[in-house]
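**Student:** just a sequence and a predicted model for now, questions to come.
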Amino acid sequence: MEIRRFILKRLIEICIIFFVILTVLFLLFHLSPGDPVTKMVDPTMTPEDAEHLIDQLGLNQPLWLQYIYYLKNFFSGNFGTSFHYGEPVFAVILNRLPNTIVLFTTAIILSAFVGIFFGKIASWHKGKQTDTWITLGALICHTIFLPWLALLMIWVFAFKVGWFPLNGMISPEVWTNPSAGLWHKLLDVIHHMILPLATLFCIHFGSYLLIMRSSMLDTLKEDYILTARAKGLDEKVIRNRHAAPNAALPVVTSVGLSLAFSINGGALTETVFSWPGIGRELVFAVSNNDYPLAMASFLLIAIVVLLANLVVDVLYAYLDPRIRY
Amino acid sequence: MTLLAVDNLCVGYRTRKGFIEAVEGVSFVLKRGRSLGFVGESGSGKTTVGMALMRLLPDNASIRQGSIIFEGQELLAMPAAQLRQIRWKKIAMIFQAAMNALNPIHRVNDQIAEAILTHDPLATKASAMQQVEDLFSLVDLPADRMRDYPHQYSGGMKQRAVIAMALACHPALIIADEPTTALDVIVQDQILSAVKKVQKQMNISLIFISHDIAVVADVCDDIGVMYAGQLVEYGRRDEVFEAPVHPYTKALLASYLTLDGAAAQPMPFTGATPNLIDPPPGCRFCDRCPLSDAACSLDVPEYAEITPTHKALCFHCK
Amino acid sequence: MVTNKSMQLFNGSGRLYKRYPMIGRFLENWSVFNESLIGRIGLVLLAVFALMALFSFFTPMIDPMYHPMTGVDPQISNSTGPSWRHWLGTDFIGRDILCQLLAGARIAFMVGISAAFMSIVLGTIIGMIAGYAGHIVDTLLMRLADMIMVMPTLLVVLILSSLFGQLNIWTIVLLIALFRWPGVSRVIRAQTLSLKQRPFIEAAKVTGVSHFRIIFRHIMPNVLPLSLLYMTFRVTSAIIIEAALAFLGFGDPGTVSWGMMLQWVWKTGHMFQAPYWLLPPGICISLLTLSFYMLGRAMEEVIDPRLREEGEIE
């Protein structure tokens, strides 16, 4: 199949799924106890402003019209005003989005590569000490409770040894210092990012490694590996050129399937490290009953997950010729 | 001129249930340019023999004794690095499940060229590709499909590609393990003639493994019949077909229908193949053999020489 | 050793096996399970946690101050380290940490097993119906499954709790179950599809057995082992989601769970001063997850013979 048609088909599917999510969220919002107006309008607003907002969101209209308003507002990027920030929600979350994406994608990509690499090594030495230790480490990484790991990281590396900052994404003194160059600022962000990155990395690394290991063990039983052996190829060539690329395909699939699970972890990590991303914003909004912010963050996260799924699908199609052609 | 001499080969597998004696005392000699066929039912050890020749047995297998002498060198004592030089350059293989013998994520021509580039230090990428093109025309594959992936090929095309790959380094010996089993009869016939053509043309020795005695009869000069891990009868094609002596061979030939219906007198088998974990002490066929007597199940049979080229493992064949 | 004995029982005299085929099958499976070190470690760990959960019923009987939620040591009003009175120390208002830990085991088992059970029942039924019915029913159910699969469960529960207010523990269990069935149903569907091709299902159809009966009498017994396997994996994910929810402060305020203990140590600012309080709940969650994972892996070997080491030759 043409790759373009494949992407188009997936895009249409994603649009449908997103539309359903949008509608379900709307219904839940109106089914839930309490007055929609008090949920969407900040009680500290002046009456005129409140009136204007109610008009804009269509909250004084019949339900079906409210739905139309809701869709219209959504597609024009109008999600209402955050109670806490007093700013349009759209501006708030758009601001947070890059922070989440940077942290999240770096962690996933890094852990996928490292996981695949060590999974390959472990399966190659199956039953030997190397395998036992690598697998044991992966098992621990895979099953450790993420928020707890995050707390431990802070406790050990930020508090006890003091290598890294306790939380946040930037140090104000660096960013307000007019003489600090771009490079300096970037280093500061990286310095803040290492602990949350390490946390997310650990969790994903373990599961990718375990998948790679068992997939590699399956692949090594395939006939084409026997062919490669019979061809007199070097063991390293067999491992790296014939077995590993095939074995890595299920890992790519699992990256896609576990994205939803990963984003849970992302939100937890952001919250513990006060990393200003959308996940933390969602948790924060829910704690403060900031409904407009909560709903908008949730929808944005849904979009991110769906698009990331698409990226993984395309990557898979690129890696596996059986799908591409 | 002897190319390959196998003497008293014994191979076993460690399994959960015990040690399986899959191949027991197999000996044969193969001359350059000749073809030898092994027939037998599944589990008779014929594939194990083929794999042992290339030392490609799975990890739980062990070669307990015997020797495999190829071009004057003992294969069983050869270090891995040297063995890699022999594989494919000297002995190539056409696999049982050709459907899966090609790696799905590499292009067919790259996979064939890989064999050439590995074994010929003088080959360049371009010259290897030129050779692949020649090989494609040799096995009647269209050259414009070279850059395809295996899943784009039909079953017959994959099998041809696998044959082309086996020929890539002009080996002295090709081991073909059920190369036509998964194919329909017409394609099977085309593949067999392709194999015969290149074998004669390039003067390659061939070991052909199949459960189908008709196919073996079509391709091979010599025939070995395997039963329960043993070579029960071995000889020239005509000797085995015209004058079979072992009861198992007779039964096997009788069950195979010829077009004129002459031999259509199938002999029903009773009993089952023996348990190879703890094989019976005597003849392994005696449970199912119409000729068996008390001695058969107790004494170990020895090869009886019927002619210098024809032998059988039976007490009753003289 | 046990292995040999049970194998003997299974192969040997055969009387027991003949009269009760279930027992024979169980012993055979058990011997495979028992051979895997991972499975044995998992089982032992689980037993320890089960004992902890059991003990949690007794601690308040010793002294009311050992009640995990309401018990406060009258002499202590802040967090103290381990002592003879409180083996693992006390939390910020003088409650015993060990008691909370024991109660947490009970909650974890309760949440994990009930949520997993519900999602497995749901997933198995939906998977069987989708696979058996095929066509439009299959497409619709599987699209629904896809849709739910891409939803991050934790965040969905969060947004629901923002809309519907504080959730109690059973609502949380129910929500986890509702969002964790798609993975199971996909596997069961695939299994059902292959079973549908088998002669005995064809035969049942031809003889006019009702669809309902075919699904529940003929297909279900064949997919149940797989469901059971997935249940162990679902238990883990349910426990993690509940713990994470409690950690973020959205747990049931009427229960003490490990996640909630972590939330307390974190939010009351004790995490740098009180390792005796920070470490135990995290270790417990991680170990319980690990033990269910190991159990699942070992069961996988029993259920999928392909995974057993050193198979037969062809």
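**Tutor:** Done, it's in.

**Student:** tell me where chain C is predicted with low confidence.
**Tutor:** Residues of chain C meeting the criterion pLDDT under 70: C:1-22, C:24-25, C:64, C:304-314.

**Student:** what's the neighbour count on the closest residue to residue C:166 other than its chain neighbours?
**Tutor:** Nearest non-adjacent residue to residue C:166, counting by C-beta to C-beta, 6 or more residues apart in numbering or on different chains: residue C:253, 6.9 Å away. Bear in mind the C-beta positions are built from the backbone N, C-alpha and C, glycine included. Per other C-beta atoms under 10 Å in any protein chain shown, the neighbour tally for residue C:253 reads 13.

**Student:** checking residue C:253 next. Helix, strand or coil?
**Tutor:** Recorded secondary structure, residue C:253: coil (DSSP: H, G, I helix; E, B strand; the rest coil).

**Student:** thought it was touching residue C:165?
**Tutor:** No: contact criterion C-beta atoms under 8 Å: residue C:253 and residue C:165 do not qualify, at 11.7 Å.

**Student:** only the buried residues of the lengthiest helix in chain B, if you could.
**Tutor:** Taking DSSP state H as the criterion, chain B has its longest helix at helix B:185-202. Within helix B:185-202, the residues scored as buried using 16 or more other C-beta atoms under 10 Å in any protein chain shown are B:187, B:188, B:190, B:191, B:192, B:194, B:195, B:196, B:198, B:199.

**Student:** do the same with stretch B:8-23
**Tutor:** Within stretch B:8-23, the residues that count as buried by 16+ other C-beta under 10 Å are B:9, B:10, B:11, B:12, B:13, B:20, B:21, B:22, B:23.

**Student:** does any bit of it sit next to chain A?
**Tutor:** No: on the criterion C-beta under 8 Å from any C-beta of the partner chain, stretch B:8-23 is out of touch with chain A, staying 13.9 Å away.

**Student:** do that stretch and chain C come into contact?
**Tutor:** Yes: Stretch B:8-23 comes into contact with chain C (C-beta under 8 Å from any C-beta), by way of B:13, B:14, B:15, B:16, B:17, B:20, B:22.

**Student:** what about the residue nearest to residue C:166, distance to residue B:50?
**Tutor:** 70 Å (C-beta to C-beta, to the nearest Å).

**Student:** which SSE is immediately downstream of the helix or strand residue A:195 falls within?
**Tutor:** Residue A:195 is part of helix A:182-219, with elements assigned from DSSP states H and E. As assigned by DSSP H and E, the chain's next helix or strand after helix A:182-219 is helix A:223-230.

**Student:** centroid residue for the chain?
**Tutor:** Picked chain A for this. residue A:263 (3.9 Å; C-alpha atoms, centre = their mean).

**Student:** try again with chain C
**Tutor:** Nearest residue to the geometric centre of chain C (C-alpha atoms, centre = their mean): residue C:235, 1.8 Å.

**Student:** just name whatever secondary elements the one helix or strand that one maps to is in contact with.
**Tutor:** Secondary structure from DSSP H and E places residue C:235 in helix C:220-247. When contacts are defined as 3 or more C-beta pairs under 8 Å, 6 or more residues apart in numbering or on different chains; DSSP states H and E, helix C:220-247 sits against helix A:146-153, helix A:259-272, helix C:97-133, helix C:153-164, helix C:169-179, helix C:182-196, helix C:258-267, helix C:275-303.

**Student:** out of these, which comes closest to chain B?
**Tutor:** Among those, helix C:275-303 comes nearest to chain B, with 11.9 Å by C-beta to the nearest C-beta.

**Student:** does the closest one reach chain B?
**Tutor:** No: applying C-beta under 8 Å from any C-beta, one finds helix C:275-303 separated from chain B by no less than 11.9 Å.

**Student:** okay, angle between that helix and helix A:146-153 too, please.
**Tutor:** Using axes from the mean of the first three to the mean of the last three C-alpha atoms, to 10 degrees, one finds that helix C:275-303 and helix A:146-153 are set 140 degrees apart in direction.

**Student:** just checking, what packs against helix C:275-303?
**Tutor:** helix A:129-143, helix A:146-153, helix C:21-35, helix C:37-55, helix C:97-133, helix C:220-247, helix C:258-267.

**Student:** let me see the contact set for residue 291.
**Tutor:** All of this refers to chain A. Taking C-beta atoms under 8 Å, 6 or more residues apart in numbering or on different chains, we find residue A:291 in contact with A:29, A:39, A:40, A:83, A:285, C:162, C:163.

**Student:** switch to chain C, that's the one I care about
**Tutor:** So, once contact is read as C-beta under 8 Å, 6+ apart, residue C:291 ends up touching C:41, C:42, C:43, C:45, C:46, C:49.

**Student:** which residues touch residue C:231?
**Tutor:** By C-beta under 8 Å, 6+ apart, the residues touching residue C:231 are C:116, C:117, C:120.

**Student:** could you check which residue of chain B lies nearest chain C?
**Tutor:** Closest point on chain B to chain C, by C-beta to the nearest C-beta, is residue B:60, at 5.0 Å.

**Student:** hang on, that residue packs against residue B:14?
**Tutor:** Yes: counting by C-beta under 8 Å, residue B:60 does reach residue B:14; the two are 4.7 Å apart.

**Student:** on that earlier part again, now tabulate the helices and strands packed on helix C:275-303 in a markdown table and tack on distance to residue A:51.
**Tutor:** Supplementary listing: the helices and strands packed on helix C:275-303 in a markdown table, determined by distance: least, C-beta to C-beta, whole Å:
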| stretch | distance to residue A:51 |
| --- | --- |
| helix A:129-143 | 54 |
| helix A:146-153 | 43 |
| helix C:21-35 | 68 |
| helix C:37-55 | 56 |
| helix C:97-133 | 45 |
| helix C:220-247 | 37 |
| helix C:258-267 | 39 |
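
**Student:** closest to residue B:154 out of the ones you listed?
**Tutor:** Closest approach to residue B:154 among the helices and strands packed on helix C:275-303 (C-beta to C-beta): helix C:97-133, 30.5 Å.

**Student:** what residues sit buried inside the closest one?
**Tutor:** Across helix C:97-133, burial judged by 16+ other C-beta under 10 Å covers C:97-120, C:122-132.

**Student:** what helices and strands are in contact with that helix?
**Tutor:** Here helix C:97-133 touches helix C:37-55, helix C:59-62, helix C:135-149, helix C:169-179, helix C:182-196, helix C:220-247, helix C:258-267, helix C:275-303, going by 3+ C-beta pairs under 8 Å, 6+ apart.

**Student:** what residues does the fourth one touch?
**Tutor:** Residues from elsewhere that reach helix C:169-179, judged by C-beta under 8 Å, 6+ apart: C:107, C:110-111, C:114-119, C:122, C:148, C:151, C:153, C:156-157, C:160, C:167, C:237-238, C:241-242, C:245, C:251-252, C:254-255.

**Student:** quick one: the one helix or strand residue A:98 maps to near chain C?
**Tutor:** Secondary structure from DSSP H and E places residue A:98 in helix A:89-124. No: using C-beta under 8 Å from any C-beta, helix A:89-124 stays clear of chain C, with a minimum separation of 11.9 Å.

**Student:** for residue 276, phi and psi?
**Tutor:** In the absence of a named chain, this looks at chain A. Main-chain dihedrals, residue A:276, degrees, to the nearest 10: phi -70, psi 70.

**Student:** my read: it touches residue A:96, true?
**Tutor:** Yes: between residue A:276 and residue A:96 there is a contact at 5.8 Å, judged by C-beta under 8 Å.

**Student:** the more surrounded of these two?
**Tutor:** residue A:96 (20 against 17).

**Student:** now the more buried one, nearest residue through space, not along the chain?
**Tutor:** Closest residue to residue A:96 apart from its sequence neighbours, by C-beta to C-beta, 6+ apart: residue A:278 at 4.8 Å.

**Student:** what about the closest residue to chain B within the stretch 151-300 of chain A, distance to residue C:43?
**Tutor:** Of all residues in the stretch 151-300 of chain A, the one sitting closest to chain B is residue A:232 (3.4 Å; C-beta to the nearest C-beta). Residue A:232 sits at a distance of 46 Å from residue C:43 (criterion: C-beta to C-beta).
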